[in-house]
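K.L.:
Pasting the sequence and the predicted model now:
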Amino acid sequence: MIGARVQLPIVFAHTDFSLCSNTVSIMQEHERLMPDWSASPPMSQDPEDALNELFASVPAYEAETDGVRVMVQVFWLPDQSEPDDNIYCWVYRIRIENAGPATVQLMERTWHITDAGGRTEYVHGEGVVGELPVIRPQSGFDYTSGVSLTTASGFMSGSYQMRDFKTGRRFDIAIPAFSLDSPFQIRQIH
């Protein structure tokens, strides 16, 4: 399995957590805005505050389906990665915003996790971080999780299955594709 080598102890979830993000739409802009891996700014002692500081400089990937917007930010974790052992770890934060008129509930998730070698792992399960969040109109839900690969880069994409809380109708919303970058990835120019 691509993502099963390291257990990341990062799991936070919040409803209506304010998130400042710098939205970009192209990969070149993402690369330009990536943090300087060699710089280690002082971080807050509170884990959640430290994550907020970390993500403040990271661009966001966005997708909107049926009035539900999904925003993703990802950051490489040098302290949990062990390149000599082919273990590369990332933390990602997701915010799901309901701009529609109906209350919705996140029921299932499906991930497509692809490493630099083109190997894809499909992960499907109930809810996220042990929750089936209910998201009211003009409200949101945030959570933070992690992934590890045996290659220095990759990407993830997927979908959430949502349920209209009143009618029971189920529908899928897109999770935007996002890259998993590290300073160890091999760059090729064609």
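P.N.:
Yep, that arrived.
K.L.:
now the strands for this structure?
P.N.:
12-15, 22-23, 59-65, 68-76, 88-98, 104-115, 120-126, 134-135, 139-149, 154-164, 170-180 (DSSP state E).
K.L.:
Just give me how far the longest one sits from the chain centre.
P.N.:
Using Cα atoms, centre = their mean, to the nearest Å, the distance from the centre of strand 104-115 to the centre of the chain it belongs to is 10 Å.
K.L.:
So which elements touch that strand?
P.N.:
Counting contacts by 3 or more Cβ pairs under 8 Å, 6 or more residues apart in numbering; DSSP states H and E, strand 104-115 packs against strand 120-126, strand 134-135, strand 139-149, strand 154-164, strand 170-180. For every residue, glycine as well, the C-beta is placed using N, CA and C.
K.L.:
residues making contact with the shortest one?
P.N.:
What it means is strand 134-135. 15, 68, 96, 97, 98, 103, 104, 105, 106, 141, 165 (Cβ atoms under 8 Å, 6 or more residues apart in numbering).
K.L.:
What is the neighbour count of the fifth one?
P.N.:
Yep, that's residue 98 we're talking about. Neighbour count for residue 98, taken as other Cβ atoms under 10 Å: 21.
K.L.:
And the contacts of stretch 160-173?
P.N.:
Contacts of stretch 160-173 (Cβ under 8 Å, 6+ apart): 63, 65-66, 68, 70, 96, 102-110, 128, 134, 159, 175.
K.L.:
Could you list the low-confidence segments of this structure?
P.N.:
Scanning the chain for pLDDT under 70 picks out 1-44, 187-190.
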